[in-house]
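Engineer: using only what follows, build the 3D model:
(2 chains)
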Amino acid sequence: MNLDASLEPRLDLAIIDQVRKLGAVRPGLLQRLVEKFDDGTGEFLAFAAGHAGAETAQERMRQGFHSLKGSAAGLGATRLSALAWEAERACGADGAADALAARIDAVRDEFAHAMHALRQYVEANA
Amino acid sequence: MAAIHDNRLPASPRHQRNALLVLDDDPTSCELIAAAAESVGFQVQMASDVPAFLQAYDAWQPSHVTLDVHLRSADGIQVIQALVQRQCRAAVTIVSATERRIREAVGKVAHQEGLRVSGVLEKPIDYRRLEAVLRPKAAASEMPGRPGGDDAYTADSEELHSALMHGEFLPYYQPQVSLRDGRLTGVEALARWRHPRRGILLPGAFLHGIEAMGVMRQFTKQILDQALAWLACGGLPAGVVLSVNISPSELSDPEFVDDMLLRCREHGVSPRRLMLEITESMAVQDQAVALATLTRLRIHGFMLAIDDIGNAFSSLSRLLQQPLSCVKLDHSLVSIVGDSREAREVVAAMLRLGASLGMETVAEGVESSAIARWLRDMGCTKAQGTGIAAPMAGEGCAQWARSWNPAELMAAIDAYSLPPIPHGGAGRA
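Structural biologist: Residues are numbered from 1 along each chain as shown, chains lettered A, B, ... in the order given. I've put the predicted structure just below:
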């Protein structure tokens, strides 16, 4: 594997390497997962950004951030996973609409960085 | 009658072998688990919601399932209850990114509901641990003396009658060693079935059927007589104790004590070389009759251990009333002290209780030198588990006992220690 060492803080290379190796039984696994992750997470974060203060959307957002916490961790995006966990906990908390909005922004920023790192990793290991 | 068993539930004969059904509403996690399972030879189906999962379960009858705890449509407990209603015999693994305490509690609920819980894993998944819970038999087959039979098989009554008639049940023996000096102090007899076509089978294949058929006395006689004969013929060094398990029905059998004494006389074995193990849950049943039986056994020199402490609800007051010599900590609790802070606290408390009552304490499920060291440091006196030796046939156990080097164990224990467990949180997240 040949990857910019500066990516490592954003991607846990031990985890993403394991995912890459699982491609031996499911060809194209990593690339497919990264694409799905990009589509699904992007869509969810767009929804979350538009509904940070909406009471009725809190449970959906909590579920979404919980799911993101797991999927990001599975792809080695550990910082993103940690931020998703903070956002999950902020969902539905009393008087926390502003705090949740800030968490969502942080997740979106980190998601962009994580996707950049994941794409670089996929290209480097194609 | 004495029964010799481990606590494995029988698997349904309808089950697909090496078949995993994954329930996870996160597509990334779902596919990662599937790929990891396929890499170790499993067929996999995936479900992203509970109705699809239950439909696939009913139609496919997988040998293994993995469950997420947080789902959009339901929670993990509801899924567990649905599996219990289906009398699920699949090996269940909890896989979740949720808080560790919740994850572990879900595993405990599943276990208490009677499901076969093979593991509780956090996300991101450690694939080696996932492989270990999916393929424990593959790992076990690498251990010397470990049986390699078909543990997904469940026999019918006709076959079990035939096995009893033909003397196909036999004891395997698992050593127990002192954590003070490493010396061999005992062995536990565990029942196995030498099946004419399927090889050596574990109790899950036959024990439930034996109990249901009401032939436990005959079964026990077959196992116990072989174990006593082996002991009488010098299978173990002098002073080493043989442990056997007693089934719940034994303690209310008025002939049990006399029957045990007769067997010991016939084989020329002193009752003082036998440790009879009763399960913790059993200790709260038929209190008056059981207490009389247990007391008679102690009067005649048999030692008594309460088995599987930590695997059921304890009644400490009743525990205090039993004339016990030893408490055995359950495998399910001991084996996770490396990962679970709660397990460490509970085990440490039980060890203190055992010591304060003046009892020996034996930890089952000791799978590593680091766990052995931690147990020793907490005051545990004896250890048993695959980290020391797997159950093995009599000849193999006798050979193992001759070659056992206590100093090597003590050196290994001194060389390793469990890492501290960080506080709280959802794993890496």
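Engineer: spell out which parts of chain B neighbour chain A.
Structural biologist: Listed as neighbours of chain A in chain B under the rule Cβ under 8 Å from any Cβ of the partner chain: B:25-29, B:31-32, B:34-36, B:38-39, B:68, B:70, B:72, B:96-98, B:123-125, B:127, B:426-429. Any C-beta I mention is one placed from the backbone N, CA and C, and that applies to glycine too.
Engineer: what residues sit buried inside stretch B:214-226?
Structural biologist: Neighbour-count burial for stretch B:214-226 flags B:215, B:216, B:217, B:219, B:220, B:221, B:222, B:223, B:224, B:226 (criterion: 16 or more other Cβ atoms under 10 Å in any protein chain shown).
Engineer: can I get these in a markdown table with secondary structure and pLDDT?
Structural biologist: Below are the buried residues of stretch B:214-226 laid out as a markdown table (DSSP: H, G, I helix; E, B strand; the rest coil; pLDDT from 0 to 100):
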| residue | secondary structure | pLDDT |
| --- | --- | --- |
| B:215 | coil | 84 |
| B:216 | helix | 81 |
| B:217 | helix | 79 |
| B:219 | helix | 88 |
| B:220 | helix | 84 |
| B:221 | helix | 85 |
| B:222 | helix | 90 |
| B:223 | helix | 91 |
| B:224 | helix | 91 |
| B:226 | helix | 94 |
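Engineer: can you map out the strands along the chain?
Structural biologist: If you meant another chain, say so; for now it's chain A. Read by DSSP state E, chain A holds no strands at all.
Engineer: my bad, the chain I had in mind was chain B
Structural biologist: Using DSSP E, strands in chain B cover B:19-23, B:43-47, B:64-67, B:91-96, B:116-122, B:169-178, B:184-195, B:199-201, B:241-245, B:274-279, B:303-309, B:326-329, B:360-363, B:382-383.
Engineer: can you flag the weakest of these by average pLDDT?
Structural biologist: Mean pLDDT is lowest for strand B:303-309 out of the strands of chain B, coming in at a mean of 80.
Engineer: partners of that strand in the sheet?
Structural biologist: Here strand B:303-309 has these sheet partners by DSSP bridges: strand B:274-279 (parallel), strand B:326-329 (parallel).
Engineer: for residue A:117, find the nearest of the ones you listed.
Structural biologist: Nearest to residue A:117, of all the strands paired with strand B:303-309, is strand B:326-329, at 45.5 Å by Cβ to Cβ.
Engineer: list the contacts of that closest one.
Structural biologist: Residues outside strand B:326-329 that contact it (Cβ atoms under 8 Å, 6 or more residues apart in numbering or on different chains) are B:275, B:277, B:303-310, B:347, B:350-351, B:353-354, B:359-365, B:380.
Engineer: get me the contact residues on chain A for chain B.
Structural biologist: Residues of chain A lying close to chain B (Cβ under 8 Å from any Cβ) are A:12, A:15, A:18-19, A:22-26, A:29, A:32-33, A:36-37, A:40, A:63, A:66-67, A:69-71, A:73-76, A:78, A:81-82, A:84-85.
Engineer: now those: which count as buried?
Structural biologist: A:12, A:15, A:18-19, A:22-23, A:25-26, A:29, A:33, A:37, A:40, A:63, A:66-67, A:69-71, A:73-76, A:78, A:81-82, A:84-85.
Engineer: so which of those belong to helices?
Structural biologist: Counting by DSSP state H, the part of those found in helices is A:15, A:18-19, A:22, A:29, A:33, A:37, A:40, A:63, A:66-67, A:69-71, A:73-74, A:78, A:81-82, A:84-85.
Engineer: where are the low-confidence patches of the chain?
Structural biologist: Let's take chain A. Counting by pLDDT under 70, chain A contains low-confidence ranges at A:1-9, A:92-96.
Engineer: to clarify, I was referring to chain B.
Structural biologist: B:1-16, B:136-153, B:248, B:280-287, B:308-321, B:421-429.
Engineer: quickly list the domain ranges of it.
Structural biologist: If you go by automatic domain parsing, the domain ranges for chain B are B:19-134, B:147-415.
Engineer: now render those domains as CSV, adding distance to residue A:47.
Structural biologist: Shown next, in CSV, are those (distance: least, Cβ to Cβ, whole Å):
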stretch, distance to residue A:47
domain B:19-134, 14
domain B:147-415, 36
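Engineer: what subset of the residues of chain B next to chain A is buried?
Structural biologist: Among the residues of chain B next to chain A, those classed as buried by 16+ other Cβ under 10 Å are B:25-29, B:31-32, B:34-36, B:38-39, B:68, B:70, B:96-98, B:123-125, B:127, B:426-429.
Engineer: just those residues: which are in helices?
Structural biologist: B:27, B:28, B:29, B:31, B:32, B:34, B:35, B:36, B:38, B:127.
Engineer: residue contacts, the closest residue to residue B:91 other than its chain neighbours?
Structural biologist: Excluding its sequence neighbours, the residue lying closest to residue B:91 (Cβ to Cβ, 6 or more residues apart in numbering or on different chains) is residue B:118, at 4.0 Å. By Cβ under 8 Å, 6+ apart, residue B:118 lies in contact with B:64, B:91, B:92, B:93, B:133, B:134, B:136.
Engineer: and of the residues you listed, the nearest to chain A?
Structural biologist: Of all the contacts of residue B:118, chain A sits closest to residue B:134, with 13.6 Å by Cβ to the nearest Cβ.
Engineer: would you mind measuring from the closest one to residue A:19?
Structural biologist: 18 Å (Cβ to Cβ, to the nearest Å).
Engineer: count the neighbours of residue B:299 for me.
Structural biologist: For residue B:299, the count of nearby residues is 11 (other Cβ atoms under 10 Å in any protein chain shown).
Engineer: ok, now which ones touch it?
Structural biologist: Residue B:299 neighbours (Cβ under 8 Å, 6+ apart): none.
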